[in-house]
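*Asks:* Provided below are the primary sequence and the corresponding predicted coordinates.
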Amino acid sequence: MSGDDWTTPGAYEVAPGVFRLPLPLPSDGLRAVNIYAIIDAGRLVCIDSGWAIPDARAALDAALGSLGASVADIDRFLVTHAHRDHYTMAVSLRSTEAVAISLGAGERPTLEMITDQDQGALEGQIETLRRFGAAHLIEAVRSVMTRDHAAQRAQWALPDEWLYEGDIELESGRRLGVIETPGHTRGHVVFRDAANSLLFAGDHVLPTITPSIGFEPVTPDNPLGAFLGSLARVRALPDALLLPAHGPVAPSVHARIDELVDHHGRRLEQTLAALDEGATSVFEVAGRLRWTRRERTLAELDVFNEMLAISETAAHLRLLATRGQVARLLDDGVYRYRPLP
Ligand SMILES: [Zn+2]
């Protein structure tokens, strides 16, 4: 559909009038983010926007140029969630172009925290590492996060519009259903073009990786439970072409959701097995699991990814507690888990 490497810059038509534009990212982990440009009554509506870095802006200009267009043709950004690789390019373009930005209303606490001057919520997020039995990470994470926080804040601003579950009708009459899919972030939304069997999935359903769960400035109560619930909601809709934010276009949303559900099922079993083997804290459980497609140990990850792994483990334990499969108690400031019969 778009050559061998999905990250190769360009404008790839994935459905009539819908183009996939891969834009580069600064870190090599995810490599690129797909935004989707929809031709709408001679103008453009974009799903997601990219990370506001010069390389991504150059790739966006070139891709739009190949369509005979430019950023001046974009009326609107519909953004799936408040992560910088999806949101910040829209904010940057809004300073010079007449574009409107829409974002799921569930992202509001996160946006307000990020744009807030004080770092209280960030501090709270870092402090939860103590309860996870990973107090030794706090100093390193704080130095990474507070540096990023200050640099990032300048790239953020509130959207023009908060989105709720419902339908958006574009100028051309194309309808996009807004579906709230909390999990990867608490306010994540996907956009469904039912008439053309397309799902603009953001990071909710990714074809080759599993989205991170449970790492957010404003932590939801049961993020994995929310994520699995969101997968079930989307799985109950008719199947569609999967248009992901990272990775190649895939033929079936349903098939990939089934794989993701299986993955988390196995992960929950491994989490229980780690408790059976004697791990009691989130950190100890995370240390017994393998991470990334390369099956790394926790100790092999950098500080940021170690923190993501710990958040992810906490989300699995939280779900098991909700299901009555593990008990949790707070012991000297650290959560201790044990399997229930
Ligand atoms: Zn992303």
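*Replies:* Sure thing, it's come through.
*Asks:* which one's the longest strand in the chain?
*Replies:* The single longest strand within the chain, with elements called by DSSP state E, is strand 32-40.
*Asks:* Please work out which residue of the stretch 201-341 of the chain is closest to the ion.
*Replies:* Asp203 (4.4 Å; CB to the ion). C-beta coordinates here come from the backbone N, C-alpha and C atoms, glycine included.
*Asks:* What does the pLDDT read for that residue?
*Replies:* For Asp203, the pLDDT comes out at 97.
*Asks:* Measure how buried it is and give me the count.
*Replies:* By other CB atoms under 10 Å, 26 other residues sit near Asp203.
*Asks:* separation between it and Ala52?
*Replies:* 18 Å (CB to CB, to the nearest Å).
*Asks:* ok, back up a step: give the next helix or strand downstream of the longest strand of the chain.
*Replies:* strand 43-47 (DSSP states H and E).
*Asks:* Quickly check: that next one near the ion or not.
*Replies:* No. On the criterion CB under 5 Å from the ion, strand 43-47 is out of touch with the ion, staying 12.3 Å away.
*Asks:* Could you check the helix or strand following that strand and say which residues are buried?
*Replies:* Sequence order places helix 54-66 as the next helix or strand after strand 43-47, per DSSP H and E. The neighbour-count check on helix 54-66 (16 or more other CB atoms under 10 Å) flags 56-57, 59-60, 63-64 as buried.
*Asks:* any chance of those residues in CSV, with pLDDT and distance to the ion too?
*Replies:* What follows is the buried residues of helix 54-66, written out as CSV (pLDDT from 0 to 100; distance: CB to the ion, whole Å):
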residue, pLDDT, distance to the ion
Ala56, 97, 13
Arg57, 98, 18
Ala59, 98, 16
Leu60, 98, 16
Ala63, 98, 18
Leu64, 98, 21
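*Asks:* so Leu198 makes contact with Leu176?
*Replies:* No. With contact defined as CB atoms under 8 Å, Leu198 does not reach Leu176; the gap is 9.0 Å.
*Asks:* Ramachandran angles for Val285?
*Replies:* Per-residue torsions, Val285: phi -70, psi -50 (degrees, to the nearest 10).
*Asks:* Return the distance of it relative to Gly133.
*Replies:* On the measure of CB to CB, Val285 and Gly133 end up 9 Å apart.
*Asks:* Let me see the ranges of the strands in the stretch 101-250 of the chain.
*Replies:* Along the stretch 101-250 of the chain, counting by DSSP state E, counting those that start in this stretch, strands occupy 161-163, 166-169, 175-180, 189-193, 198-202, 241-244.
*Asks:* Up against the ion, what does the stretch 51-200 of the chain have?
*Replies:* Residues of the stretch 51-200 of the chain lying near the ion (CB under 5 Å from the ion): Asp85.
*Asks:* Where does the stretch 51-200 of the chain get nearest to the ion, residue-wise?
*Replies:* Taking CB to the ion, the stretch 51-200 of the chain has Asp85 as its residue nearest the ion, at 4.7 Å.
*Asks:* is it true that that residue touches Val33?
*Replies:* Yes. Between Asp85 and Val33 there is a contact at 4.6 Å, judged by CB under 8 Å.
*Asks:* shared neighbours of those two, which are they?
*Replies:* Both Asp85 and Val33 are in contact with 25, 50-51, 245, where contact means CB atoms under 8 Å, 6 or more residues apart in numbering.
*Asks:* Longest helix in the chain, by number of residues?
*Replies:* Counting by DSSP state H, the longest helix found in the chain is helix 253-276.
*Asks:* and which of the shared contacts of Asp85 and Val33 is nearest to Arg294?
*Replies:* Leu25 (19.1 Å; CB to CB).
*Asks:* was I right about Leu23 contacting Met89?
*Replies:* Yes. Using CB under 8 Å, Leu23 makes contact with Met89 at a distance of 7.5 Å.
*Asks:* Comparing these two, which shows the higher neighbour count?
*Replies:* Using other CB under 10 Å as the criterion, Leu23 and Met89 rank with Met89 on top: 27 against 24.
*Asks:* I'd like the distance between the more buried one and Asp193.
*Replies:* For Met89, the distance to Asp193 - CB to CB - is 22 Å.
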